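# how would this look folded up:
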Amino acid sequence: MEALTLYVGQGNFAVLRHGTESIAVDTKWNAESEEKIESLVNRFLANRTLIGVVLTGLDADHADPKGLEWLLEHHEPAWVMYPKYFKDTDNAKSVFNVIRKFERRRENTSNPLKRVSVRLDQMNKRNLDGLSVEFGLELFSPHTEDMDNSNNCSIVLKVEGVGDDGFAYLITGDTENSRWDRIVELFNRALAADVLAAPHHGSKNAAHPGMVLAVEPDTVLISAGIDNQYGHPDPSAVAVYERVAKHVFTTNIRGGVSWLTICEGIEILTGEAT
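Alright, predicted model coming up:
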């Protein structure tokens, strides 16, 4: 199993691959580095099926219509997952316009596009069966009790590669500490994962110490933009991660770095993706 964390500025775009399948996580697009993004993703997906796209939220730094359209046009995933809540913004409308466009295009074909909208309080179980052969998918959020802002409507999902050469990767979106309180209370060590995609680009308001202890990651991956206006990743958040994880990597260094994380035996190794 491998994970590609792309530098796309202040936003998130990652791709996981294992066996014959891949899953994209968020679709932030960066026009300035478009060719590099396309090259990295195309090579990473070579000879594999992009089975699905997970949009952790509907804000533009996670669900970029341009990135989503590029994936749907060139890699034809079977499904698009997103949190089930109403967001009345131009970006959300554009995202669903893109989805509808490809639903119509693939209607009455052997590969129709499926929507997977998720919310725990409207589901019978947290394991999302039938979406992948190579990956197990376990949902932890969102839930209506804490959907008080768009960040806390984010998807929290563990993606785990099946077999000895897989690892567990925890997707977190922009989930804030106020929501992590409840997630940790309910699930605690069920959150355990080898790799943690840091919530909210390394914000101090999302680096929940109890969550990090429950996940106990070997590696933390932070997606943030160079000189971003929010100061992400916050040094205090990085310190929380470094107290538990062996390795912490951020994309907003050396002009912007994309990272490749692989499972090598019992080790999780990360190096620059070129």
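# surely Met147 is in contact with Tyr85?
Yes. If you go by C-beta atoms under 8 Å, Met147 and Tyr85 touch, sitting 5.9 Å apart. (Glycine included, C-beta is placed from N, CA and C.)
# do you have the strands of the stretch 101-250 of the chain handy? List them.
114-118, 135-141, 156-161, 168-171, 195-197, 219-222, 247-250 (DSSP state E, counting those that start in this stretch).
# and those strands: which comes nearest Asn12?
strand 195-197 (7.5 Å; C-beta to C-beta).
# list the strands paired with that closest one, with their directions.
Sheet pairing of strand 195-197 (DSSP bridges) gives strand 168-171 (parallel), strand 219-222 (parallel).
# okay, now the closest residue to Tyr85 other than its chain neighbours: neighbour count?
Distances taken as C-beta to C-beta, 6 or more residues apart in numbering place Cys153 nearest to Tyr85, at 4.8 Å, with adjacent residues excluded. By the criterion of other C-beta atoms under 10 Å, Cys153 has 28 neighbours.
# quick one, what contacts Cys153?
Applying C-beta atoms under 8 Å, 6 or more residues apart in numbering to Cys153 gives the contacts 57-58, 83, 85, 87, 142, 147.
# which helix in this protein has the most residues?
Looking across the chain with DSSP state H, the single longest helix is helix 90-106.
# more neighbours: Met147 and Tyr85, which one.
Each of Met147 and Tyr85 has its neighbours counted (other C-beta under 10 Å); Met147 has more, 19 against 16.
# closest to Phe96 out of the strands paired with strand 195-197?
Once the strands paired with strand 195-197 are compared by C-beta to C-beta, strand 168-171 is nearest, at 20.7 Å.
# what's next to that closest one, contact-wise?
Contacts for strand 168-171 (C-beta under 8 Å, 6+ apart): 1, 3, 16, 25, 54, 56, 155-161, 191-197, 215, 217.
# just the buried ones from these, in PyMOL syntax?
Buried residues within the contacts of strand 168-171, by 16 or more other C-beta atoms under 10 Å, are selected in PyMOL with:
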select buried, resi 1+3+16+25+54+56+155+156+157+158+159+160+161+191+193+194+195+196+197+215+217
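# poorly predicted segments of the stretch 1-150 of the chain, please.
By pLDDT under 70, the stretch 1-150 of the chain contains no weakly predicted segment.
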